[in-house]
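>>> My questions are about this predicted structure, shown below with the sequence.
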Amino acid sequence: MQDRPKYYDIRARFWQRHFEAAQGYAAYLAASDPAKAQKWHDLEAQLPVVTDAQRRHLTGHSEGGHGPLRGDTGRTMRVLVYSGVWCGDCVRQGPMLHGIAEACGPEVELRLIDRDASAELTDELRILGAMRVPMVVFLSEDWFEVGRFGDRLLTVYRAKAARELGPACDSGIVAPPADQLAAEQDEWVGVFERMLLMLRLSPPLRERYGD
């Protein structure tokens, strides 16, 4: 249609509404069942630190440099995590996502929304017809979807396939080996970097910011 702009997302208000209904990491856990939230806190202590190399991928920092979004321009990325505090995959990946978003710097804002909070969102994010968590949706400053990713990483599916058993969503009681956690975190860093670079190289945003 001639009255539509060249770049638009018909779901922009949908994403904005759900992001604004979501909570920051600490608030999400504080509002959750304490016993289930404690598993997230316990897992946090076992996560590998974000390495200097990973941080460079996320921020582009040399000393005094700017990240992929160039904070001096006002670019931002919102990260909406569709989650279940009870879910073992969320127990593991939720703290990872929080740590990676923190490493990205203030241009990246992460919020979580419970799986049961919105039937509309559930239908939008179904995978193979199922309500799987976590699902992560990356959004531009204009509430345009940049991309989405979930529910398990390749590292996890390889381990699950090798075992040929296991529940559809484990309890999160036993943390995976440290090398698996490190591999999962590195995969997520790659996902974040891709989304950040997509925004940095977006033609309308480059035109907007003159870079």
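Structure received.

>>> all strands of this structure, in order?
Using DSSP state E, the strands found in the chain span residues 77-83, 108-114, 135-140, 145-150.

>>> okay, the ones you listed in CSV with mean pLDDT and distance to Gly99 next?
(Each C-beta comes from the backbone N, C-alpha and C, glycine too.) Shown next, in CSV, are these (pLDDT from 0 to 100; distance: least, C-beta to C-beta, whole Å):
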stretch, mean pLDDT, distance to Gly99
strand 77-83, 98, 12
strand 108-114, 97, 10
strand 135-140, 98, 14
strand 145-150, 95, 16
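
>>> what would these look like in TSV with distance to Glu44?
Shown next, in TSV, are the strands of the chain (distance: least, C-beta to C-beta, whole Å):
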stretch	distance to Glu44
strand 77-83	15
strand 108-114	14
strand 135-140	18
strand 145-150	20
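
>>> Between those strands, which one is closest to Gln23.
strand 108-114 (5.9 Å; C-beta to C-beta).

>>> related to what we said a few turns ago, now the strands of the chain in TSV, please, with extra columns for distance to Leu128 and mean neighbour count.
Shown next, in TSV, are those (distance: least, C-beta to C-beta, whole Å; neighbours: other C-beta atoms under 10 Å):
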stretch	distance to Leu128	mean neighbour count
strand 77-83	15	24
strand 108-114	21	21
strand 135-140	12	23
strand 145-150	12	16
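
>>> Of these, which is nearest Leu29?
strand 108-114 (8.6 Å).

>>> what separates the closest one from the chain centre, distance-wise?
Between the centre of strand 108-114 and the centre of its host chain there is 8 Å, according to C-alpha atoms, centre = their mean, to the nearest Å.
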